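>>> The amino acid sequence is not available; the structure is as follows:
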C-alpha cells in the first residue's frame, strides 16, 4: 500500500512498486497453471487464473477477463510440439461442440464413451481409438497418446479439412524502384537480403517466388526457368492493371533459381539512373494480387517513395494537425479511401498476407496502408527517412526474420470455452470470417491475439471451466494440420479470489490492445483516460473489499498481483501509440506503433511500456557482460527515470525496439575511448554518430556489445538498433519520453500519476 492520504507522511517515490531489479522477473512471471496438463502460458495466458461463477461477480471485476493467445509460441521458444499422425480413427472430437480430444475429457462405460469437458456431451469412442481403463478410470494408453496428457498437440488433418490441396509457401515481392528508393539504398539492401535468404526459405522444393517493381509504371518479370536472363514486362496501365503473361510470373524457386538470382543481382544497377519520383503503390498491390490470387501467400511491399499515383495515393491534407482534440481526430488513424479495406477483404479471401516495409521520407498515410496488413495478419516495419548506412542492418535483419521464421499458411483459428461462457470479443490482426472464426492467411511465432470471455448464462455450473484454441493451417512441408491448445481454469465464487488469481502482466497486454482499438474511435486523451479509468475502478472495488482493514485510511491499497499494473499503465500512455498529440508523434510513427502493439505478446508489451534501464557503471556490480555458454550476465537495473541516472554514469535502455546507451555529461575520456575508440576524444565529435558495434579491442567495449547482442536476441521479432546519446545534447530530447516515470510535455510523472490514481479511487 502507499500512504498518500490527508495527514499521511509524504510518500517516498523510491518505495513505489515498479518492475526493476529483482522485482522485474516477478512482474513478468505468469500465474502458476491450474493443472499440470494445461498448455504453457506462452500459448494461452489468462488475465485471471479462473473465471467468475456468475454475471454479478463478473460485473464487479473491473478489469478485462480474457486470454492472450500466441498459437505458435512453441517455435519462438524452440520447443517441439507433439504431432499426432493421421490414423484410421480420424480426428477424435466432440460431435456437438467440436472440441478436440484433450487431457480433460472423462471416460465412462469402460472407455467406450467419453464426456466432453466443454459441453458435457457423451460421445462414442471410435473402435480404433478404444482403450481399457485402470481402477481410477484413466485410459491405460494415456502416456502413449500425447493428446491425453499434453496441453498442446498438433493433429495431422484428413482430406475433409481441406477445400483445396495444401498450398506451397509463396513469396511475392513488390519493390519500389523510384529515384527515392534507389537514392536511400533500400533497393540494394532488399535485393541482397532476399538473395542471401533463398536457401533458408521454408518449403524446400515446393517454394514459389515472384517479383514486381514499380515507380510510375508496373514492371513484371518473366522468370521461366528456360530463360537465360529474366525478361521485364512493363504495364503502363495504372487504373486497371493486368497480367502481361498468364504464367511464369510466379515460379518454383528451385527450378528458376538461376533466373531469380540474376534478377536480384541486376535490379539495383538497373534502376540507378531512374529519375521518376512517382510511386504507384496502390496499382502495384492490385497487380501483385492478380499474380498470386490463384494460390495465395505472402506479399511483401517495399516502399521508399511517397504513394503518388493511382488508387490509394497519399492525400497530404489527411495529415491535418488541427484535427487533434476534435471529434474528427480518430479519422486520422483510420483509412479514408475505401480501397484499403476492400483490398484487405479480397486479399484475405484469397489467403494473401501483406507485410509492409516502409522507409519513406514524409507522410505516407501508414494508417491506411497498415489496415491491409491488419486484416490479413500481416506486419508493418517502419524506417522513417530510410538510409542504408543507418537503417540497412535493421531492415536486413527484420526481412531475414520475416522470410525464414516458421510460418503457418492458409490458416483459420477458433477459440471455444465451457458451457455458460462465451468468447465476447477478439483483438489482433485477422479477418472475422464468422462470429467465432478468424481468418489468418499466414501466422507465425511473432503474432499474438487476445480474446475476452463473457457469460452466456447467469451462473456457471461446476468447479472448473475450459478454454481451447485450434489453429487449422498448412505447414510449410505441405501437410494440413490442427494445432490445439487446451487450458483448465477454476470457477471462482468470491471477488477476493479473482484479485488473488489476477495476472497483472497479461492484463496490461490486453489493455494495450483495447487501448489501440479505442484510439481508432476516440481522441487520444480519451484513450489515456479510459486506460486509467479501468485501473482506478479496479482499485476502488478492491478498496471497498479490504479498506476497512487498513490502518491508514488515506492509503492507496492494491493486491500484490496488480502491484506493477500502475507502472505499466502509465508506461502504456507514454508509448508512441498513445502519447502526446500530432506535434509530439507523427501520424505514421503512431500508426506503426499501434499496429505493432496489437500483435505484441505479453513480454514485448511489458518491455515497451516500462523499458529496462541497465546500469553499466555500478562499482558494486562489475561482473556484467561475462559470458558462460549462451548466458550473459546482465547489469543491475534502475527505475526508468532520469532522476536515477548519475551524471558520471552510463546506462543501457532496452524497450525491445531499440537499445540506447545513455552517457552522463561527466563521463571521462578514458571510458569513452574504451567504448568508441580515439575518435570519441575529438571535441567536435558527437558520440551518437559513432557506431557501438562492432566492438573495439577493449574489454569494456566487448562486454557492452555482448550485453547488446544478448538483449537483441531475446526479442527476435524486431531488430533493436543500438546507438549512444550524451546527456544534455540535442539527441537526448528524442529519448526522454522513454523514461516513462518522468514528467514531460504535460504528461504526469509516476508520483503524480499515483496521486491522481489515489484521488480517483477515493472519490465518491
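Thanks, I have it. Fair warning: this is a prediction, and the values are worked out from it, not measured in the lab. Numbers count the residues shown, from 1 in each chain.
>>> in this protein, what spans have low per-residue confidence?
Across the chain, the ranges flagged by pLDDT under 70 are 1-12, 547-551, 553, 683-684, 764.
>>> which ones are touching the residue positioned nearest the centre of it?
Centroid check for the chain by Cα atoms, centre = their mean gives residue 600 as the closest residue, at 2.3 Å. Contact analysis of residue 600 by Cβ atoms under 8 Å, 6 or more residues apart in numbering lists 448, 509, 512, 608. In short, each C-beta sits where N, CA and C put it, glycine included.
>>> Quick check: longest strand in the protein by residues?
As far as residue count goes, and with DSSP state E defining each element, the longest strand of the chain is strand 480-492.
>>> so what strands line up beside that one?
When sheet partners are counted by DSSP bridges, strand 480-492 sits next to strand 51-52 (parallel), strand 152-156 (antiparallel), strand 464-474 (antiparallel).
>>> related to what we said a few turns ago, what's the distance between the residue nearest to the centre of the chain and residue 507?
14 Å (Cβ to Cβ, to the nearest Å).
>>> who's the nearest residue to residue 252 once chain neighbours are set aside bridged to?
Once flanking residues are discounted, residue 252 sits nearest to residue 208: 5.7 Å by Cβ to Cβ, 6 or more residues apart in numbering. Here residue 208 shows beta-bridge partners residue 170, residue 252, assigned using DSSP bridges.
>>> How many residues are close by residue 208?
Residue 208 has 22 neighbours, counted by other Cβ atoms under 10 Å.
>>> Where do the helices of the stretch 351-500 of the chain begin and end?
Defined through DSSP state H, counting those that start in this stretch, the helices belonging to the stretch 351-500 of the chain, from first to last, are 366-375, 388-404, 495-500.
>>> what comes up buried for the second one?
Neighbour counts using 16 or more other Cβ atoms under 10 Å place 388, 391-392, 394-403 of helix 388-404 among the buried residues.
>>> So for residue 312, which of the helices of the stretch 351-500 of the chain sits nearest?
Among the helices of the stretch 351-500 of the chain, helix 366-375 comes nearest to residue 312, with 7.0 Å by Cβ to Cβ.
>>> can you list contacts of that closest one?
Applying Cβ under 8 Å, 6+ apart, the set of residues contacting helix 366-375 from outside is 281, 285, 301, 303, 307, 312, 332-337, 340-341, 343-345, 347-348, 353-356, 358, 378-380, 382, 429-431, 587-588, 591-592, 595, 598.
>>> Would you agree residue 524 is in contact with residue 581?
Yes. At 6.7 Å, residue 524 and residue 581 qualify as touching, with contact defined as Cβ atoms under 8 Å.
>>> So between those two, which is more surrounded?
A count of neighbours by other Cβ under 10 Å puts residue 524 above the other of residue 524 and residue 581, at 26 against 15.
>>> could I get the strands paired with strand 480-492 as CSV with mean neighbour count and distance to residue 73?
Conversion of the strands paired with strand 480-492 to CSV gives the following (neighbours: other Cβ atoms under 10 Å; distance: least, Cβ to Cβ, whole Å):
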stretch, mean neighbour count, distance to residue 73
strand 51-52, 26, 22
strand 152-156, 23, 9
strand 464-474, 23, 11
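>>> can I get those in a markdown table with distance to residue 34?
As requested, the strands paired with strand 480-492 are arranged in a markdown table below (distance: least, Cβ to Cβ, whole Å):
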| stretch | distance to residue 34 |
| --- | --- |
| strand 51-52 | 11 |
| strand 152-156 | 16 |
| strand 464-474 | 8 |
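>>> of the ones you listed, which approaches residue 220 most closely?
Closest to residue 220 of the strands paired with strand 480-492, according to Cβ to Cβ: strand 464-474, at 26.6 Å.
>>> quick revisit: residue 50: which of the contacts of residue 600 is nearest?
Lowest distance from residue 50 to the contacts of residue 600 (Cβ to Cβ) belongs to residue 509, with 18.0 Å.
>>> burial of the closest one, as a residue count?
Other residues lying near residue 509 total 29 when counted by other Cβ under 10 Å.
>>> and what of residue 201?
Counted with other Cβ under 10 Å, the neighbours of residue 201 add up to 18.
>>> For it, which non-adjacent residue is spatially closest?
The spatially closest residue to residue 201, leaving aside those adjacent along the chain, is residue 207, at 5.1 Å (Cβ to Cβ, 6+ apart).
>>> ok, for residue 721, nearest residue in space, not its chain neighbours?
Once flanking residues are discounted, residue 721 sits nearest to residue 394: 5.1 Å by Cβ to Cβ, 6+ apart.
>>> thought the one you found was touching residue 722?
No. When contacts are counted by Cβ under 8 Å, residue 394 is not listed as touching residue 722 (10.2 Å).
>>> still on that earlier bit, measure the residue nearest to residue 252 to residue 173 for me?
Using Cβ to Cβ, residue 208 is found at 12 Å from residue 173.
>>> Also residue 431?
In this view, residue 431 and residue 173 are 23 Å apart by Cβ to Cβ.
>>> of those two, who's got more company?
Here residue 431 and residue 173 are set side by side on neighbour count (other Cβ under 10 Å), and the busier one is residue 173, at 25 against 19.
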